[in-house]
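**Q** Got a sequence here, can you build the structure:
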Amino acid sequence: MATLERLRVYPVKGLDGIDLEAATVLDGGTIEHDREYALFDENNEVFNAKRSDRFHRLQIAYDTDTGTLTVRPPDGDTRQFNLREDRETASEWFSGYFGTDLSLRRDDAIGFVDRRQMGPSVISTATLQTVASWFDDLTVESVRRRLRANIEISGVEPFWEDRFVGERAPSFEIDGVTVEGVTPCARCAVPERDPDTGEPLPEFRQRFIEKREETFPEHADREAFDHFYTLMLISRVSEADRGSTLRVGDPVALTDEQ
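**A** Residues are numbered from 1 along each chain as shown. Next up is the predicted model:
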């Protein structure tokens, strides 16, 4: 049976994620606490992992009840910041770590997601397992951290999520919450990097593209994909279902299977 296997959000854009047992869909269509905070540079531009591989070297924990972020740098003392009460201290610390002037900001209405009119990202466990099998030294968890999806679905075939874009694409429901596909997710440089060290895997992109083309599923609309360096679904939660809570273990089904 198809099941919501994992809910993962990324409290600070660019840093690692945390797993939740349950999460509310915000009125803006995103998941609560996802990219709730982001660093901005002096030019008012988002400063994230696309711009620095040093993000990967930070281990984090985040308490969703208190807003406390724990940061463990590779060398140095663990630090804690209450992001709801004192972002200035956190901004100063991150500025020192990255060597550039940064400010940490909060958006608890939508979050600093890349596609602000869309919703959570979706991938299947089988897709993660398949991608891991393309590389000798990658684990499923490493691939999971490289691709950074919000919603992971188990009990379905690899690339299940590809069917939800294109002409006549179906939608699916997570325990009655309707989710529609919007676009496949084109990948950037981040998946090429080791999620702990930031070191790139030189052959990652080319091998990924070759295997993606080789295994592209029959159930997907090829015309909806611009290229093969694409993986993961960017979705939209029905406006009527915003405010609902998603829970790990919720059943998942295509809408025409209800």
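**Q** residue ranges for the helices of the stretch 101-250 of the chain, please.
**A** When secondary structure is read from DSSP state H, counting those that start in this stretch, the stretch 101-250 of the chain shows helices at 125-133, 140-147, 204-214.
**Q** quick one: the first one to helix 204-214, angle?
**A** Put plainly, it is helix 125-133. Taking axes from the mean of the first three to the mean of the last three Cα atoms, to 10 degrees, one finds helix 125-133 and helix 204-214 inclined to each other by 130 degrees.
**Q** Okay, buried residues for helix 125-133 please.
**A** Judged by neighbour count (16 or more other Cβ atoms under 10 Å), helix 125-133 contains these buried residues: 125-128, 130-132. Quick note: C-beta positions are derived from backbone N, CA and C, even for glycine.
**Q** can I get the residues you listed in a markdown table with pLDDT?
**A** Below are those laid out as a markdown table (pLDDT from 0 to 100):
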| residue | pLDDT |
| --- | --- |
| 125 | 98 |
| 126 | 98 |
| 127 | 98 |
| 128 | 98 |
| 130 | 98 |
| 131 | 98 |
| 132 | 98 |
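**Q** Check those residues against residue 241 and report the nearest one.
**A** Among the buried residues of helix 125-133, residue 125 lies closest to residue 241 (Cβ to Cβ), at 23.3 Å.
**Q** Disregarding flanking residues, what is the spatial nearest neighbour of the closest one?
**A** Nearest non-adjacent residue to residue 125, counting by Cβ to Cβ, 6 or more residues apart in numbering: residue 154, 4.4 Å away.
**Q** what sits against the one you found?
**A** Applying Cβ atoms under 8 Å, 6 or more residues apart in numbering to residue 154 gives the contacts 2-3, 5, 124-126.
**Q** Pull the most distant pair out of these.
**A** Farthest pair in the contacts of residue 154, by Cβ to Cβ: 3 and 126, 12.2 Å.
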